[in-house]
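Engineer: would you be able to build a 3D model of this:
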Amino acid sequence: MEKGIFVSTSAGNEGPYLETLHNGTPWVLTVAAGTIDREFRGSLTMSDGASVTGMTLYPGNFSTSQYFPIIFVGACQNDSSIKKVGSKIAVCFDTSNALDEQVYTVQNSNVVGAVFISNYTDVESFIQTSFPSLFLKLEQGQQILDYIKRDSKPKASFSFHETLIGTKPAPQLASYSSRGPSPSCPSVLKPDIMAPGDLILASWPSNSPVTTIKSSGNLFSNFNVISGTSMSCPHAAGVAALLRGAHPEWSPAAVRSAMMTTAYVLDNTNNPIKEIGSNGGQFADPFGIGSGHIDPNKALDPGLVYDAASEDYINLICALNFTENQIKMITRSTAYNCSNPSLDLNYPSFIAFFNPNGTGSEKLAVREFRRTVTNVGVGKSVYSSEVTTLDGLKVSVSPDRLEFSDKYEKKSYMLRIESQMLMKDSLVYGALTWIESSGKYQVRSPIVATTLVP
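Structural biologist: Residues are numbered from 1 along each chain as shown. All right, here's what the predicted structure looks like:
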């Protein structure tokens, strides 16, 4: 950071549980993983001509002209029942989110292939199988079950290697993406942002197998499809490189700010971004997606940025009760100055912790944040603040209007959050947005109030 080097880091892959986040360091960008509007699919065609489409990443070949008997097995968790299927297509029905057991059981059998019917939303980690497979929702799977019931000799055939673009809703927060708050520095809201990280086409060492196919052994390729925050992190690093190319004078903090304040929080159905997995269907909160999903084009021209220098981070470190030796180790210097310790870093987001053991009869609890923004947009401009309602909280901004005369001019403001000591919910969130008078810029920062113990 001192050398002007931007660092993008992975949030971690231990979600969906809170406080599992890695890399909560305040001077780096911490990136969550989201899906994209693309699905890898295959089809099952029945002998009556009807077909259904589902998710699959089976990379092997399958003769679409060859039809095999298809049989309903049930839960597919019993080794003996699967072994009796033989050279048929097994239809497995999941009612208890046990896809991992079902896939494992089928993999160790000699069936031709399998269709897994489940309403579990987090199937991406299962679809790359070593045997022909298809993953269907209940309503799609019912077509197959009905066909098996009415046909005395049901048969079907697979087809694979299909890609669908424009799927909805997207993006969604991946279940495995680690959630905040940051255990190492809870006063800074993390993760910072979400980027594409689920089922990403990535380069791969050609001497290492991509996967194993039961019928033909190891499969080698220069590319692989991988999921994880280690996939989303490089996306953000690439965007940062583009921003530094366009704005070489920007500090790493300014680059991070530009990405965060221009991120979007609505999916391609114009609804708030959702989670997938065990929390599927719920709206993703800032502990999951930070400021939202990265938007490279908007980040090029953010209007305002929240900047920070080495001394700002040292003040934060000094306020974290580190020992002298620990501070020396982090700063690599004995010349640091701890005369102004502060947990209130000039950051493009806000997190306020409230006492979970208070009572409503106690005085109001108040948390105040001071921020300074730098005008990197048009020279003369006026911004007005807009705060979304946070249930049970009173949020105010002073001043609520910022007037800039020149480019690179700085203006400061204070955000104040008031709450009864006992909050109704353990997590309440909203956002502060500075809106430029012409509507060209909307500089958004998430606000989180929580009773989680830091």
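Engineer: low-confidence regions, the stretch 201-350 of the chain specifically.
Structural biologist: Scanning the stretch 201-350 of the chain with the threshold set as pLDDT under 70 gives 278-280.
Engineer: look up how far Cys318 lies from Thr331.
Structural biologist: 10 Å (CB to CB, to the nearest Å). (Glycine included, C-beta is placed from N, CA and C.)
Engineer: between these two, which is the more surrounded one?
Structural biologist: Cys318 (19 against 16; other CB atoms under 10 Å).
Engineer: what about the more buried one, distance to Thr25?
Structural biologist: Separation of Cys318 from Thr25 (CB to CB) stands at 16 Å.
Engineer: in the stretch 51-200 of the chain, which spans are strands?
Structural biologist: Chain-ordered strands for the stretch 51-200 of the chain, with DSSP state E, counting those that start in this stretch as the definition, fall at 51-55, 68-74, 89-93, 113-117, 133-136, 155-165, 172-173, 193-196, 200-203.
Engineer: now find how far off-centre whatever helix or strand comes next after the last one is within its chain.
Structural biologist: To tie it back to what came earlier, the one meant is strand 200-203. Next along the chain after strand 200-203, taking DSSP states H and E as the criterion, comes strand 211-213. When C-alpha coordinates are averaged (CA atoms, centre = their mean, to the nearest Å), strand 211-213 and its chain have centres 28 Å apart.
Engineer: likewise for stretch 57-77?
Structural biologist: Mean C-alpha position of stretch 57-77 versus that of the full chain (CA atoms, centre = their mean) differs by 33 Å.
Engineer: could you work out the end-to-end span of that stretch for me?
Structural biologist: Taking CA to CA, to the nearest Å as the measure, stretch 57-77 stretches 22 Å from start to finish.
Engineer: go on, stretch 63-76?
Structural biologist: 25 Å.
Engineer: ditto for stretch 268-282
Structural biologist: 16 Å.
Engineer: can you give me the distance of Ala335 to Lys328?
Structural biologist: On the measure of CB to CB, Ala335 and Lys328 end up 10 Å apart.
Engineer: cool, and Phe158?
Structural biologist: Using CB to CB, which is the criterion applied here, Phe158 is 62 Å from Lys328.
Engineer: which one's more surrounded, these two?
Structural biologist: Taking neighbours as other CB under 10 Å, Phe158 and Lys328 compare with Phe158 leading, 24 against 14.
Engineer: partner residues bridging the more buried one?
Structural biologist: Legend: beta-bridge partners of Phe158 under DSSP bridges are Leu44.
Engineer: Ala253: helix or strand, and which one exactly?
Structural biologist: Secondary structure assigned from DSSP H and E places Ala253 in helix 252-261.
Engineer: so which elements touch that helix?
Structural biologist: helix 229-246, strand 304-305, strand 442-450 (3 or more CB pairs under 8 Å, 6 or more residues apart in numbering; DSSP states H and E).
Engineer: and among the ones you listed, the most buried is which?
Structural biologist: strand 304-305 (a mean of 25; mean count of other CB atoms under 10 Å).
Engineer: after that strand comes which helix or strand?
Structural biologist: Once strand 304-305 ends, the next helix or strand along the chain (criterion: DSSP H and E) is helix 310-318.
Engineer: for the following helix or strand past that next one, packing partners?
Structural biologist: For helix 310-318, the following helix or strand on the C-terminal side (DSSP H and E) is helix 324-331. Under the contact criterion of 3+ CB pairs under 8 Å, 6+ apart, helix 324-331 touches helix 310-318.
Engineer: what's next to the helix it packs on, contact-wise?
Structural biologist: Residues outside helix 310-318 that contact it (CB atoms under 8 Å, 6 or more residues apart in numbering) are 1-2, 26-27, 185, 187-188, 327, 330-331, 336-338, 340-343, 345-346.
Engineer: and the residue sitting furthest away from the middle of the chain, how far from Gln66?
Structural biologist: With CA atoms, centre = their mean as the measure, the chain has its most outlying C-alpha, relative to the mean C-alpha position, at Ser152: 46.7 Å. Between Ser152 and Gln66 the distance, using CB to CB, works out to 20 Å.
Engineer: same question for Ala246.
Structural biologist: Between Ala246 and Gln66 the distance, using CB to CB, works out to 55 Å.
Engineer: as a check, name the ranges of all helices in this protein.
Structural biologist: 79-83, 99-107, 138-150, 229-246, 252-261, 286-289, 296-299, 310-318, 324-331 (DSSP state H).
Engineer: so which elements touch the longest one?
Structural biologist: Helix 229-246 sits against strand 8-10, strand 29-34, strand 193-196, helix 252-261, helix 296-299, with contacts defined as 3+ CB pairs under 8 Å, 6+ apart.
Engineer: tilt between the second one and helix 252-261?
Structural biologist: By that I understand strand 29-34. 30 degrees (axes from the mean of the first three to the mean of the last three CA atoms, to 10 degrees).
Engineer: other SSEs contacting strand 29-34?
Structural biologist: Using 3+ CB pairs under 8 Å, 6+ apart as the contact criterion, the elements in contact with strand 29-34 are strand 8-10, strand 172-173, strand 193-196, helix 229-246, helix 286-289.
Engineer: okay, the ones you listed in TSV with distance to Thr372 next?
Structural biologist: Formatted as TSV, the helices and strands packed on strand 29-34 follow (distance: least, CB to CB, whole Å):
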stretch	distance to Thr372
strand 8-10	24
strand 172-173	31
strand 193-196	21
helix 229-246	20
helix 286-289	22
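Engineer: to Glu436, which of those lies closest?
Structural biologist: helix 229-246 (19.6 Å; CB to CB).
Engineer: Lys274 against Ile289, yeah?
Structural biologist: No - between Lys274 and Ile289 there is no contact under CB atoms under 8 Å: 10.0 Å.
Engineer: between the two, who's got more neighbours?
Structural biologist: Ile289 (30 against 21).
Engineer: check contacts around the more buried one.
Structural biologist: Contacts for Ile289 were tallied using CB under 8 Å, 6+ apart; they are 32, 34, 173, 191, 193-194, 265, 273.
Engineer: try 10 Å this time
Structural biologist: Ile289 makes contact with 11, 32-34, 171-173, 177, 179, 191-195, 263, 265, 272-273, 275, 283, 446 under the criterion CB atoms under 10 Å, 6 or more residues apart in numbering.
Engineer: emit the PyMOL select command for whichever of the residues you listed are buried.
Structural biologist: In PyMOL, selecting the buried portion of the contacts of Ile289, with burial taken from 16 or more other CB atoms under 10 Å, looks like this:
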select buried, resi 11+32+33+34+171+172+173+177+179+191+192+193+194+195+263+265+273+275+446
